[in-house]
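1. Need a 3D model of the sequence below.
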Amino acid sequence: MTQVPNIAAECIWDAGAALGEGPVWVAREQALYWVDIKGDKIHRMKPGSGARSTWATSAQPCSLAPAAGGGFIGAFRGGFAKVSLGETEIALEPVADPEADRPGNRFNDGKVDARGRFWAGTMDDGETDPSGVLYRLDPDLSCSRLDDGYVVSNGPAFSPDGRTLYHTDTFAGLIYAFDLGQDGGLSNKRPFVRIPAESGYPDGMTVDAAGCLWVAHWGGWGLGRFDPDGKPCGRIDLPVAQVTSCAFGGEDLSKLFITTAAIGLDQEARRAQPLAGGLFICEPDVGGLPTPLFGAAA
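-> Numbering: from 1, shown residues only. Below is the predicted model:
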């Protein structure tokens, strides 16, 4: 696997997000969507024109994915919901709340696989109890529980052939790989990458066209790239510590968008990291994969 050299990223939106997360490229709009979980906002940027939009949400938005019929599927603090966005207004249609009995939990990262299923994990909002679960929401809106025992779950991401799912136990510093069946079942859970504490905690991630995993390092000032065998093969440095997630986008999927967070920084750290909570962009020597649509099988 060719080593990708260290790459610098630039800030394209100094949004000051408390907890920027969940970037997703929406090809039909040529736009990058992302959320500020703790700021209760959904953001959109169109890199071609530089146009920006923001929607305030009544429920804490955790992750978002475009749906085949238009609109979005989203994971919110109160469960899964269909999302419709107007010029300034937002409409949510709840479809499932698998954790109504776990008020201390909230959803975190989520993504759609090649068969149009939305995968999202939950976490303990107090970040102490291993109450987090990985769920799969199918196009018929049925919800299945696939794995549990996470304090903070992150990811997920999928190999280019759709046969491997990656999911992160953030506090353990461990990214797992699973065999992913055509029916959506998971098997053969195994450690894939362990991130040493001095490199920060593994957060959100994405897979590039070469099958390598790009991982955001919370507290680690950047992203790491790992080949399909789990070996490090690249790095992107950022001027902020709390790097949260990443997604490929742009007309030819050559650009990597990176979200960050300002939450928890004291005044001294905030002065040292004035772009914390911003949206960053860079262009590695490798592109990404198209964003699958919820409800649309490949």
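2. C-alpha only now, for contacts and for neighbours.
-> Fine.
3. okay, now residue 197: neighbour count?
-> 13 (other CA atoms under 10 Å).
4. May I have the phi/psi pair for it?
-> phi -60, psi -30 (degrees, to the nearest 10).
5. Grab the nearest non-local neighbour of it.
-> residue 173 (7.2 Å; CA to CA, 6 or more residues apart in numbering).
6. Now do the contacts for the one you found.
-> 194, 195, 196, 197, 201, 202 (CA atoms under 8 Å, 6 or more residues apart in numbering).
7. quick one: which of these is most hemmed in?
-> That'd be residue 202 among those, by other CA under 10 Å, with 33 neighbours.
8. what's the helix or strand for the residue lying closest to it once chain neighbours are set aside?
-> With sequence-adjacent residues excluded and distances taken as CA to CA, 6+ apart, residue 202 is closest to residue 217, at 4.9 Å. Element membership of residue 217, judged by DSSP states H and E, is strand 213-218.
9. for the stretch 1-150 of the chain, what spans make up the strands?
-> 7-8, 10-13, 20-26, 31-36, 41-46, 51-56, 61-66, 72-76, 79-85, 90-96, 105-112, 118-124, 132-137, 143-150 (DSSP state E, counting those that start in this stretch).
10. Which strands and helices lie in contact with the third one?
-> Looking back up the chat, that one is strand 20-26. Secondary-structure packing of strand 20-26 (3 or more CA pairs under 8 Å, 6 or more residues apart in numbering; DSSP states H and E): strand 31-36, strand 61-66, strand 105-112, strand 243-249, strand 255-260.
11. Include distance to residue 22 when you put the contacts of residue 173 into a markdown table, please.
-> Shown next, in a markdown table, are the contacts of residue 173 (distance: CA to CA, whole Å):
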| residue | distance to residue 22 |
| --- | --- |
| 194 | 22 |
| 195 | 21 |
| 196 | 23 |
| 197 | 23 |
| 201 | 16 |
| 202 | 14 |
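12. between the residues you listed, which is nearest residue 120?
-> residue 202 (16.2 Å; CA to CA).
13. Sketch out the low-pLDDT regions of the stretch 151-298 of the chain for me.
-> The model of the stretch 151-298 of the chain has pLDDT under 70 over residues 298.
14. For it, which segments count as strands?
-> Under DSSP E, counting those that start in this stretch, the stretch 151-298 of the chain gives strands at 153-158, 164-169, 174-180, 186-194, 201-207, 213-218, 222-226, 232-237, 243-249, 255-260, 279-282.
15. of all those strands, which lies closest to residue 73?
-> strand 153-158 (15.5 Å).
16. What pLDDT does the model give the residue most central in space within the chain?
-> Geometric centre of the chain, nearest residue: residue 22, 3.7 Å, by CA atoms, centre = their mean. Per-residue confidence (pLDDT) for residue 22: 98.
17. Relative to residue 205, how far out is it?
-> 9 Å (CA to CA, to the nearest Å).
18. Check the contact lists of the two and give me the overlap.
-> What both residue 22 and residue 205 touch, as defined by CA under 8 Å, 6+ apart, is the set 245, 246.
19. residue contacts, the residue nearest to residue 198 when sequence neighbours are not counted?
-> Among residues not flanking residue 198 along the chain, residue 220 sits closest, at 7.5 Å (CA to CA, 6+ apart). By CA under 8 Å, 6+ apart, the contact set of residue 220 is 198, 199, 200, 201, 241, 242, 243.
20. Figure out which of the strands of the stretch 151-298 of the chain is closest to residue 146.
-> Closest among the strands of the stretch 151-298 of the chain, using CA to CA: strand 186-194, at 7.0 Å.
21. Buried residues in that closest one, which are they?
-> 186, 192, 193, 194 (16 or more other CA atoms under 10 Å).
22. Can you tell me the closest non-neighbouring residue to the second one?
-> It stands for residue 192. Residue 192's closest residue in space is residue 176 (CA to CA, 6+ apart), at 5.0 Å.
23. Tell me which other helices or strands the strand holding residue 217 touches.
-> strand 201-207, strand 222-226, strand 243-249.
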